[in-house]
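# build me a model:
(4 chains)
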2 protein chains.
Amino acid sequence: MAVTIQDVAKAASVSVATVSRVVNNIPLVSEDTRQRVLAAIEDLGYEPNEVARSLKVRKTNTIGIILDDITRPQYTTVSRGATDACWMYGYNVILANTDSDEEKEESYLKVLLQKQCDGILVINRKVNDNFAEKLALSGIPVVLGTISDKEKKFTRVSIDNVKAGYDATKYLYENGHTDVGYIMASRDYYTVCEERIIGFNKAAEEFGLNAKEEWCVECVTTKFADNDAVEGYDAMEQILSSKQLPTAIFAANDEIAIGAIKCIEAKGLKVPADISVIGFNDYWISEWFKPQITTVSYPMYDVGAVCARQLIKKISSGIKELNADDSMIIPHDIVIRQSVKNLNE
Amino acid sequence: MAVTIQDVAKAASVSVATVSRVVNNIPLVSEDTRQRVLAAIEDLGYEPNEVARSLKVRKTNTIGIILDDITRPQYTTVSRGATDACWMYGYNVILANTDSDEEKEESYLKVLLQKQCDGILVINRKVNDNFAEKLALSGIPVVLGTISDKEKKFTRVSIDNVKAGYDATKYLYENGHTDVGYIMASRDYYTVCEERIIGFNKAAEEFGLNAKEEWCVECVTTKFADNDAVEGYDAMEQILSSKQLPTAIFAANDEIAIGAIKCIEAKGLKVPADISVIGFNDYWISEWFKPQITTVSYPMYDVGAVCARQLIKKISSGIKELNADDSMIIPHDIVIRQSVKNLNE
DNA sequence: ATGAAAGCGCTAACAA
DNA sequence: TTGTTAGCGCTTTCAT
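Coordinates of the predicted model:
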């Protein structure tokens, strides 16, 4: 049987109220009794029961993180940033992997709510209308990390994916590429990819790029694939089957880029000599891959940390209403490596 | 204000006990009242408060996972397996990243205990004596995933790292390699690497391999490195500076292998033509890397799932004593790809 | 400065 | 079959 506040009170010959006061550092205790209580605590090895405390104060200091799959490098780093920030502020995190399965999303959310989480962080690839409504109805603070909701109901922390897609494409243009295409993940699962392609299209139009329809392909995402490399490979194969070939491809993430590069090389072509590829996310392997992959990077760890901070801010301020005003954009960057050839030289 | 069991009782004109009975599916309720209660629950949108329940029944259905860094591919997959299994059995998981920092380990453990976790899963690279003692003292079930404790106090779920190291080395030998070396991560951080090298040494002795001291290097692990590739690179550089060169290197994990291969190529040598490299873990990129990396694989997801299952079994059986009898060994495998040359052909 | 006591929302004897 | 009630371990008013 664990030792309780009662035991400590008895041992120190004080009331439980006093013990509670010293445990919670409430000043109105004489130095004398404080020491006695501290001694008793030390003595008995007392540790406060957080669930009793939570019940009483109606606060658990726990937040739920709902995400697709912690195994994906993008999410794993964001989660790490979020978790670290949470612990820093005295919050624990309960992790829920949903694999974008609507049923899981709902049931996990329900459990998180029953556990009286103080707030919820969603790092899914997508939040559909149904889930968005459930989230809104939950009555606790919610922030979205890396994803967007079309109605801008929620606080969101992310990079500017449209601009990032635009920047990547612009970089291709600046390097002399005008025949360009893209490979994106299935828009059913990745809202952000969709945004990146909006940026691509914007740049294509602005710079008068020739982005033939057959060079622009959307992957058929296998829901539970470990990574997108296979899909990138297949998509590239499709692109390479067109009569005329683009000089550069914008891959919506680095795994897709890796698959695409493999495919290009399998057909006896070279990257970047024959076809250039630009990736997205700056996954660590991109630096070690051959060729080293030029990509768009952004501080995922920071995105996670900022998410958590915004969520905790909401929790402590006691504001329950949904509000997207405190959304934040985290800056991104192009990291130039070897997979894009400069056609101007 | 959230709706409570009281509200439901009132709405259905029954006692809270009856509501509790229908919520918990306790049969002794007439179909009639059950329906009335169910209707009231539906009506008010009642969700049971798990923290009140936990306080009463002294069980939280929550387990804590203590691990170094969820960001590491090995751990991330193990965690995923563990988390999935937990949810399947109705348990939530609180995640604690420690970066092998002893202070964090202790304070996170304390918090997990205060939160009244029903059990603890440790997937650290190492558990030192001090932490092991704290764990043992916690009084709740503990299982270790992928790591070993020398005194075999804890239940452990893992592959047989010694045998795996032996098998990898034997594979090198079978392919005609007798001049071999290894690169291992710092033994200060990775207990498993140490075990793998024990296997290497065993094989080296058994097959009479020539494993020169200067070909066997232990990385100087930078505590918070994203990955071990840099260390693998540096270690290989050191090996390549020896007068005579080995024909094959056993890398203690795939990231190290990637770094080593990069280094070999940077010196103008080829893998596997000049030097063979065998990795460990079968990280997905190994299949996409050039050359594709021959490696030792094991089902990390399953290790995690089995960990969780063993832990939950302990929890439900109510056995608090430490006991390593239910430890489990998960089989491993050599996956043959292109980074090891067959010298016999 | 300290203590008594009510009560957070729930479960589980025990009674009826 | 249903209700009453005593806690689970803690915080927090309100007295003293």
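
# neighbours around A:Lys153, how many?
For A:Lys153, the number of neighbouring residues by other Cβ atoms under 10 Å in any protein chain shown comes to 17. To be clear about C-beta, it is placed using only N, CA and C from the backbone, and glycine gets the same treatment.

# three-state assignment of it?
Of the three states, A:Lys153 takes coil according to DSSP: H, G, I helix; E, B strand; the rest coil.

# wait, doesn't it sit right on A:Ala324?
Yes. At 6.3 Å, A:Lys153 and A:Ala324 qualify as touching, with contact defined as Cβ atoms under 8 Å.

# would you map the helices across the stretch 201-345 of chain A?
A:229-240, A:254-266, A:285-288, A:300-317 (DSSP state H, counting those that start in this stretch).

# need the winner for burial among the ones you listed.
Scoring the helices of the stretch 201-345 of chain A by mean neighbour count under mean count of other Cβ atoms under 10 Å in any protein chain shown gives helix A:254-266 as the most buried, with a mean of 25.

# quick one: contacts of that one?
Outside helix A:254-266, the residues within contact range by Cβ atoms under 8 Å, 6 or more residues apart in numbering or on different chains are A:183-185, A:219, A:227-237, A:240, A:249, A:251, A:270-271, A:274-275, A:277-283, A:285-286, A:289, A:291, A:293, A:295, A:339, B:285, B:288.

# repeat for stretch A:300-307
A:74, A:77-85, A:121, A:123, A:143, A:145-146, A:157-159, A:281, A:328, A:330.

# those in helices, which ones?
Among the contacts of stretch A:300-307, the ones falling in helices (DSSP state H) are A:74, A:77-85.

# which one of those sits closest to A:Lys202?
Checking the ones in helices among the contacts of stretch A:300-307 against A:Lys202 by Cβ to Cβ gives A:Gln74 as the nearest, at 23.0 Å.

# let me know how buried the nearest residue to the closest one once chain neighbours are set aside is, in neighbour terms.
With Cβ to Cβ, 6 or more residues apart in numbering or on different chains as the measure, A:Asn281 is the residue that lies nearest to A:Gln74, at 5.8 Å, once sequence neighbours are left out. Neighbours of A:Asn281 under the rule other Cβ under 10 Å: 23.

# my read: A:Asn281 touches A:Pro299, true?
No. Counting by Cβ under 8 Å, A:Pro299 is not a contact partner of A:Asn281; they are 11.2 Å apart.

# what helix or strand is the closest residue to A:Arg187 other than its chain neighbours on?
When the adjacent residues along the chain are set aside, A:Arg187 lies closest to A:Glu194, with 4.7 Å between them (Cβ to Cβ, 6+ apart). When elements are defined using DSSP states H and E, A:Glu194 is found to belong to helix A:191-206.

# over to A:Gly165?
Taking DSSP H and E as the criterion, the element that holds A:Gly165 is helix A:161-174.

# now do the next helix or strand after that helix: which elements does it pack against?
Sequence-wise, the next helix or strand beyond helix A:161-174 is strand A:180-184, with elements assigned using DSSP H and E. Using 3 or more Cβ pairs under 8 Å, 6 or more residues apart in numbering or on different chains; DSSP states H and E, the elements in contact with strand A:180-184 are helix A:161-174, helix A:191-206, strand A:216-218, helix A:229-240, strand A:248-251, helix A:254-266.

# hmm, try it at 6 Å
helix A:191-206, strand A:216-218, helix A:229-240, strand A:248-251 (3 or more Cβ pairs under 6 Å, 6 or more residues apart in numbering or on different chains; DSSP states H and E).

# name the residues of the first one that come out as buried.
In other words, helix A:191-206. By neighbour count, with 16 or more other Cβ atoms under 10 Å in any protein chain shown as the criterion, the buried positions of helix A:191-206 are A:191-197, A:199-204.

# alpha carbons of that helix, in CSV - could you do that?
The C-alpha coordinates for helix A:191-206 follow below in CSV (Å, rounded to 0.1, in the frame of the first residue of the first chain):
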residue,chain,number,x,y,z
THR,A,191,-3.3,18.1,-46.9
VAL,A,192,0.2,19.7,-46.8
CYS,A,193,1.2,18.1,-50.0
GLU,A,194,-1.7,19.6,-51.7
GLU,A,195,-0.7,23.0,-50.4
ARG,A,196,2.8,22.5,-51.7
ILE,A,197,1.5,21.7,-55.1
ILE,A,198,-0.6,24.9,-55.0
GLY,A,199,2.7,26.7,-54.6
PHE,A,200,4.2,24.7,-57.4
ASN,A,201,1.3,25.7,-59.7
LYS,A,202,1.6,29.3,-58.7
ALA,A,203,5.3,29.4,-59.6
ALA,A,204,4.7,27.5,-62.8
GLU,A,205,2.2,30.1,-63.9
GLU,A,206,4.2,33.1,-62.8
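
# which residues are in contact with that helix?
Where contact means Cβ atoms under 6 Å, 6 or more residues apart in numbering or on different chains, the residues beyond helix A:191-206 that reach it are A:126, A:147-148, A:161-162, A:165-166, A:169-170, A:182, A:184-185, A:187, A:211, A:250, A:252.

# select, from those, the two members most distant in space.
A:Lys126 and A:Lys170 (26.4 Å).

# tell me how many other residues surround the residue lying closest to A:Gln292 once chain neighbours are set aside.
By the measure of Cβ to Cβ, 6+ apart, the closest residue to A:Gln292 outside its immediate chain neighbours is A:Arg337, 3.8 Å from it. Look at A:Arg337: counted by other Cβ under 10 Å, it has 18 neighbours.

# wait, what's in contact with A:Arg337?
A:Arg337 makes contacts with A:292-294, as judged by Cβ under 6 Å, 6+ apart.

# hang on, the earlier thing: isn't the residue nearest to A:Gln74 up against A:Asn253?
Yes. In this structure A:Asn281 lies within contact range of A:Asn253 using Cβ atoms under 6 Å: 5.1 Å.

# coming back round to it: name the nearest of the contacts of helix A:191-206 relative to DNA strand D.
Ranked by distance to DNA strand D (Cβ to the nearest atom of the strand), those are led by A:Ile147 at 35.5 Å.

# quick one: contacts for that closest one?
If you count contacts by Cβ under 6 Å, 6+ apart, then A:Ile147 has A:124, A:191 around it.

# measure it to A:Tyr190 for me?
Noted for A:Ile147: a distance of 9 Å to A:Tyr190, by Cβ to Cβ, to the nearest Å.

# do the same with A:Asp282
Computed as Cβ to Cβ, the A:Asp282 to A:Tyr190 distance reads 17 Å.

# about what we covered before: which among the contacts of A:Arg337 count as buried?
With neighbours counted by 16+ other Cβ under 10 Å, these contain buried members at A:293-294.

# and of the contacts of A:Arg337, the nearest to B:Ile312?
For the contacts of A:Arg337, the nearest to B:Ile312 is A:Ile293 (41.8 Å; Cβ to Cβ).

# still on that earlier bit, buried residues in the helix holding A:Gly165?
Within helix A:161-174, the residues that qualify as buried by neighbour count (16+ other Cβ under 10 Å) are A:161-173.

# before we move on, what about stretch A:143-155?
Residues of stretch A:143-155 classed as buried under the neighbour-count rule (16+ other Cβ under 10 Å) are A:143-149, A:153-155.

# ends of it, how far apart?
Taking Cα to Cα, to the nearest Å as the measure, stretch A:143-155 stretches 5 Å from start to finish.

# which one is whichever residue of the stretch 201-345 of chain A sits closest to DNA strand C nearest to, not counting chain neighbours?
With Cβ to the nearest atom of the strand as the measure, A:Lys320 is the residue of the stretch 201-345 of chain A nearest to DNA strand C, at 15.7 Å. Once its chain neighbours are removed from consideration, A:Lys320 has its nearest residue in A:Gly139; the separation is 6.1 Å (Cβ to Cβ, 6+ apart).
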